[in-house]
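**Student:** sharing a sequence plus its predicted fold:
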Amino acid sequence: MQRQTSSWPRVVTLVATCAIGFALGSCSASTSEVMNLSYVCASPPADLAVCSADADCATVAIGCYCGAQPVNGVARKYAVTARGCEDNAASTCALGCATQAKIVTQDGSTVESGTLIGAYCDHSGATAVCKSRVAPPGGSGGDPGSGGW
């Protein structure tokens, strides 16, 4: 006489195994270049520009402006959304003022369009924040603090 067995334990085991695999895969670390956090443009997050190292920072050109084009530093994890917000602001801008073919960075420099601009993590305040600045002459990689870019 053949004993009837239930396939229920096998199904539960299979589902549990898949769930564990999914959980482990979804919790894996991703690089800062890949990670992108979104937000509502009208209310940017408080940590929009917070950083711990230069690699945490990116630049975003402000979309609606007068005079020289402002370029600000933002946390790399928000850069894609910030650029989208600024592109939208540019397409709906109604300031009606003159613009210039120049760029202004957060270090106060005003330079010609096409000048290499980068972001760095400024540790001078209570909280480190991303800021934009003109790349140092000859900077082609490395730590901006040591003259590279």
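**Tutor:** Yep, it's here. Numbering: from 1, shown residues only.
**Student:** now the strands for this structure?
**Tutor:** Counting by DSSP state E, the chain forms strands over residues 57-61, 67-75, 99-104, 110-112, 117-122, 129-134, given from the N-terminal end onward.
**Student:** the shortest one - contacts with which helices or strands?
**Tutor:** Counting contacts by 3 or more CB pairs under 8 Å, 6 or more residues apart in numbering; DSSP states H and E, strand 110-112 packs against strand 99-104. (Glycine included, C-beta is placed from N, CA and C.)
**Student:** angle of the strand it packs on against strand 129-134?
**Tutor:** If you take axes from the mean of the first three to the mean of the last three CA atoms, to 10 degrees, strand 99-104 sits at 110 degrees to strand 129-134.
**Student:** let's have the strands of the chain in JSON lines, adding mean pLDDT, distance to Asp87 and mean neighbour count.
**Tutor:** Written out in JSON lines, the entries for the strands of the chain read as follows (pLDDT from 0 to 100; distance: least, CB to CB, whole Å; neighbours: other CB atoms under 10 Å):
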{"stretch": "strand 57-61", "mean pLDDT": "96", "distance to Asp87": "9", "mean neighbour count": "23"}
{"stretch": "strand 67-75", "mean pLDDT": "96", "distance to Asp87": "13", "mean neighbour count": "21"}
{"stretch": "strand 99-104", "mean pLDDT": "94", "distance to Asp87": "16", "mean neighbour count": "15"}
{"stretch": "strand 110-112", "mean pLDDT": "95", "distance to Asp87": "22", "mean neighbour count": "13"}
{"stretch": "strand 117-122", "mean pLDDT": "96", "distance to Asp87": "17", "mean neighbour count": "22"}
{"stretch": "strand 129-134", "mean pLDDT": "97", "distance to Asp87": "17", "mean neighbour count": "22"}
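**Student:** okay if I get those strands as CSV plus distance to Val50?
**Tutor:** Formatted as CSV, those follow (distance: least, CB to CB, whole Å):
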stretch, distance to Val50
strand 57-61, 10
strand 67-75, 6
strand 99-104, 22
strand 110-112, 26
strand 117-122, 9
strand 129-134, 6
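**Student:** closest to Ser91 out of the ones you listed?
**Tutor:** With CB to CB, the closest approach to Ser91 among these belongs to strand 57-61: 13.3 Å.
**Student:** re the thing from before, do you know which of the strands of the chain lies nearest Cys51?
**Tutor:** Comparing those by their distance to Cys51 (CB to CB), the top pick is strand 117-122, with 4.0 Å.
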